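Engineer: Kindly generate the corresponding structure for this input.
(one chain, ligands or ions: 1)
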Amino acid sequence: MLRLSSSRCPHWDGSALARAFNLPWQPSRTAATLQKRRPSRMVLSERVAQGAPKTAPTGKPRRTRNSPFAGMNTTEVPKSLQFSKSNLSSAERRRQSKPRVGKKDEKPKDPMRALKMQRRLANVSYEKRTRVKQEIMDWDSFDEFDLLPVIKESIETQALAGLAEVSPTPIQRLAIPTLLEMPDGKRRKKGKAMMEPNKEMKQFLLAAETGSGKTLAYVLPILDAIKRAEVVDAREEAIQAAEAEERKRARGQLYELDSPVDEHSKAGRPRAIILLPTSELVAQVGALIKSLAHSVKFRSAMISAAFSGTVIRNRLFAPSGVDIVIATPHLISSITESDPNILSKVSHLVIDEADSLLDRSFSPITSSIIDRASPSLKQLIFCSATIPRSMDSYLNKRYPETKRLATPNLHAIPRRVQLSVVDIDKVPYQGNRDLACAQTIWDIGKEAAEAGEDRQKKIVVFVNEREKSTELAEYLRSKGIDANALSRDSDDRKQAEVLASFTGAAVTTPSKPAKEPKSSYNPAISAGDLAESPFKPTPRKLENTKVLVMTDIGSRGIDTLLLKHVILYDVPHTSIDFIHRLGRVGRMGRRGRGIVLVGKHDRKDVVKEIREGMFKGQALI
Ligand SMILES: Nc1ncnc2c1ncn2[C@@H]1O[C@H](COP(=O)(O)OP(=O)(O)OP(=O)(O)O)[C@@H](O)[C@H]1O
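Structural biologist: Model prediction:
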């Protein structure tokens, strides 16, 4: 007799199948039992919450630890399963104390591990940043600073002329009241105390991200101090003249001839000196200060190796005197050799781009100028976009009293600057970095032309070695790109012209005659075309795009306000270089783009961390 089991399905009893095959049908025991029970359902015991009794009715332990049902229906974790160090074997305890290397158990990685290994930048605590953020919120306008009215006016009419709405930047909010020594943060001390010469030299460090207006942050308080000192001096001179007159009268020598006034006493005796690492920066800061002199009335002199000896002498020793000198340390140092008195009246000394001027190559010369000037100094101001650890320890050692004014976003590259990566090992570059660079430039030019941009596109390419800049510029020219190198070897005048076309003032110059049809631009060039004839000049020209190749030492501080693209031909050695190079774009709240060329020998981990840090707006430490 055929027995059909229905244990799998309680609704199927096998009778249909038996009928189909004409077989006698007898339900199986299981099916019969299930039929009997139907329509009952499985229901949990009402006592399930009480847990299983520890012993079976037989008195035996109901479930052993090893039974497959051991953990079922229990309401508390058995002691044996609870985690306790004492339960662990000594080997397991040792294993747990070691850092795990297995993929699953890997500890979360420090997101800035590669950068921390460089340890180039000093840390500014999160608490300090938050505190400063609160502090600077109190200042909304330049009017709130205790600057002389004529200086306040010059901000809108000269320094920031053309801007619709002007308000102080974070570093200006932080530094101006401090340098003005407004004690309660609002008002300067009134009366005689203010006029008394400050015997103690005070030191300040102004540290803020690139393109954040650090120059004005120190220039305005210095001009204010100079103008106020002028008033004090004039008053003192008048008092001295009156006393001399009185003495003569007392002696009855009223008609005695006065000793001739030394007209040249102010010549070559500036009250303020601003030191900058390059002639280009001297020209930039000098131009800003000169523009302010139109309304504020003071005398400034910019001197650097870009000027002849006669020009330098005439500027420094002009009979009308000089109030502010803007110079490179080498020049000031060599002038002090022949005329040490040049530093005798300096009350304000600024070390701008201090991360460069206090590095190993500049530090001895900068330090000796500071030492010579210190007897008359009232304020020694260091100004920098980064605080490298070397500079941090220099300040701690030599000027421990330095008041540090660092903005909340110091060492962070703003999120408005994007960084993309080009892998030079991929097709079609196959390790040819020059080709990758040329193609990237063509792509940017093509994008601009497609977007119908009329304004000439400016691109800065950064290389690590100075020698490479000339060679690369030549290569790019052979690929139809209008490229120049900024290097010490090129003609100063030409260099200044090229650079001027990259700074804000020159960008407004129309680069292309309006008549020229846009179709003359030939975007149809590919890396293949560029690679075809590496040694032959490409007949195609990339129109409306100008490229400058340089090292960042030459470009630090240069105010390339309208620049939107930088290419990092080499991966920068340190996060400091990243900050300075990418700092040429995204200035004063603008957007910008950096493109870094990366090959198999480059630190991809560093690039990755920099990108992540930029994305999160974090400080690159
Ligand atoms: N309060 C302000 N509002 C708008 N623009 C300003 C303000 N202050 C300065 N600027 C402009 O910002 C630009 C950058 O200023 P500056 O060169 O002083 O920056 P920086 O912080 O010294 O940069 P870097 O670190 O690269 O030397 C300049 O073109 C300047 O005119």
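Engineer: Next one: residue 327 relative to residue 382, how far apart?
Structural biologist: Using C-beta to C-beta, to the nearest Å, residue 327 is found at 16 Å from residue 382. Bear in mind the C-beta positions are built from the backbone N, C-alpha and C, glycine included.
Engineer: What parts of the stretch 451-600 of the chain come near the ligand?
Structural biologist: Proximity of the stretch 451-600 of the chain to the ligand, by C-beta under 6 Å from any ligand atom, involves residues 504, 557, 559, 561, 583, 587, 588.
Engineer: Residue 460 in helix, strand or coil?
Structural biologist: Recorded secondary structure, residue 460: strand (DSSP: H, G, I helix; E, B strand; the rest coil).
Engineer: for it, which residues make a bridge with it?
Structural biologist: residue 548, residue 566 (DSSP bridges).
Engineer: Could I get the contacting residues of it?
Structural biologist: 502, 547, 548, 549, 550, 555, 560, 563, 565, 566, 567, 584 (C-beta atoms under 8 Å, 6 or more residues apart in numbering).
Engineer: pLDDT check: weakest of those?
Structural biologist: Within these, pLDDT reaches its minimum at residue 555, with 75.
Engineer: Sticking with the nearest residue to that one once chain neighbours are set aside, tell me its helix or strand.
Structural biologist: Using C-beta to C-beta, 6 or more residues apart in numbering and skipping residues adjacent in sequence, the residue nearest residue 555 is residue 584, 6.3 Å away. For residue 584, there is no helix or strand it lies in under DSSP states H and E.
Engineer: what sits against residue 584?
Structural biologist: Contacts of residue 584 (C-beta under 8 Å, 6+ apart): 210, 460, 555, 558, 560, 563, 566, 592.
Engineer: Of the residues you listed, which is the most crowded?
Structural biologist: The most crowded member of the contacts of residue 584, judged by other C-beta atoms under 10 Å, is residue 566 (28 neighbours).
Engineer: quick one on the thing from earlier: right, and out of the contacts of residue 584, which lies closest to residue 378?
Structural biologist: Ranked by distance to residue 378 (C-beta to C-beta), these are led by residue 210 at 28.1 Å.
Engineer: The closest one and the ligand: what is the separation?
Structural biologist: According to C-beta to the nearest ligand atom, to the nearest Å, residue 210 and the ligand sit 4 Å apart.
Engineer: is it true that residue 124 touches residue 411?
Structural biologist: Yes. Contact criterion C-beta atoms under 8 Å: residue 124 and residue 411 qualify, at 7.1 Å.
Engineer: Neighbour count: those two, which is higher?
Structural biologist: Ranked by neighbour count (other C-beta under 10 Å), residue 124 and residue 411 place residue 411 first, with 23 against 20.
Engineer: What's the local residue count around the residue lying closest to the more buried one once chain neighbours are set aside?
Structural biologist: Excluding the flanking residues, the one nearest residue 411 by C-beta to C-beta, 6+ apart is residue 619, at 3.9 Å. By other C-beta under 10 Å, 22 other residues sit near residue 619.
Engineer: Would you state the helices of the stretch 501-621 of the chain in chain order?
Structural biologist: Along the stretch 501-621 of the chain, the segments classed as helices by DSSP state H, counting those that start in this stretch run 504-507, 527-532, 552-555, 575-582, 604-616.
Engineer: out of those, nearest to residue 136?
Structural biologist: Residue 136 lies closest to helix 575-582 among the helices of the stretch 501-621 of the chain, at 20.9 Å (C-beta to C-beta).
Engineer: which element is residue 210 on?
Structural biologist: If you go by DSSP H and E, residue 210 is not part of any helix or strand.
Engineer: mind listing what the residue nearest to it when sequence neighbours are not counted touches?
Structural biologist: Of all residues not flanking residue 210 in the chain, residue 583 sits nearest, at 2.7 Å (C-beta to C-beta, 6+ apart). Under the criterion of C-beta under 8 Å, 6+ apart, the neighbours of residue 583 are 209, 210, 211, 385, 413.
Engineer: Surely the second one touches residue 385?
Structural biologist: Yes. Assessed by C-beta under 8 Å, residue 210 is found in contact with residue 385 at 4.6 Å.
Engineer: what do the two both touch?
Structural biologist: 579, 580, 583.
Engineer: Out of those residues, flag the one nearest to the ligand.
Structural biologist: The shortest approach to the ligand among the shared contacts of residue 210 and residue 385 belongs to residue 583, at 5.2 Å (C-beta to the nearest ligand atom).
Engineer: Quick check: residue 246 vs the ligand, distance?
Structural biologist: 49 Å.
Engineer: looking at this, that residue is in a strand?
Structural biologist: No. Secondary structure of residue 246 (three-state DSSP): helix, not part of a strand.
Engineer: Quick one: residues contacting whichever residue of the stretch 301-450 of the chain sits closest to the ligand.
Structural biologist: In the stretch 301-450 of the chain, the residue that lies nearest the ligand is residue 385 (3.7 Å; C-beta to the nearest ligand atom). Residues in contact with residue 385 (C-beta under 8 Å, 6+ apart) are 207, 208, 209, 210, 214, 353, 355, 556, 557, 579, 580, 583.
Engineer: at 10 Å what do you get?
Structural biologist: Neighbouring residues of residue 385 by C-beta atoms under 10 Å, 6 or more residues apart in numbering: 206-212, 214, 353-356, 410-411, 556-557, 576, 579-580, 583.
Engineer: How about residue 586?
Structural biologist: Taking C-beta under 10 Å, 6+ apart, we find residue 586 in contact with 209-211, 413-418, 563-564, 566, 592-594.
Engineer: Which one of these is nearest to residue 94?
Structural biologist: residue 413 (44.1 Å).
Engineer: Do I have it right that the closest one meets residue 386?
Structural biologist: No. Contact status for residue 413 versus residue 386: not in contact, 11.1 Å apart, counting by C-beta atoms under 10 Å.
Engineer: shared neighbours of these two, anything?
Structural biologist: 209, 210, 575, 578, 579, 583, 620.
Engineer: Look up phi and psi at residue 273.
Structural biologist: phi -130, psi 130 (degrees, to the nearest 10).
Engineer: Actually, residue 132.
Structural biologist: Dihedral angles (degrees, to the nearest 10) for residue 132: phi -60, psi -40.
Engineer: Residue 393 versus the residue nearest to residue 411, what's the distance?
Structural biologist: Look at residue 619 and residue 393: by C-beta to C-beta, they are 19 Å apart.
Engineer: try residue 165
Structural biologist: 41 Å.
Engineer: try residue 422
Structural biologist: Distance from residue 422 to residue 393, by C-beta to C-beta: 37 Å.
Engineer: Looking at those two, which is more packed in?
Structural biologist: Between residue 422 and residue 393, residue 422 has the larger neighbour count (other C-beta under 10 Å), namely 19 against 11.
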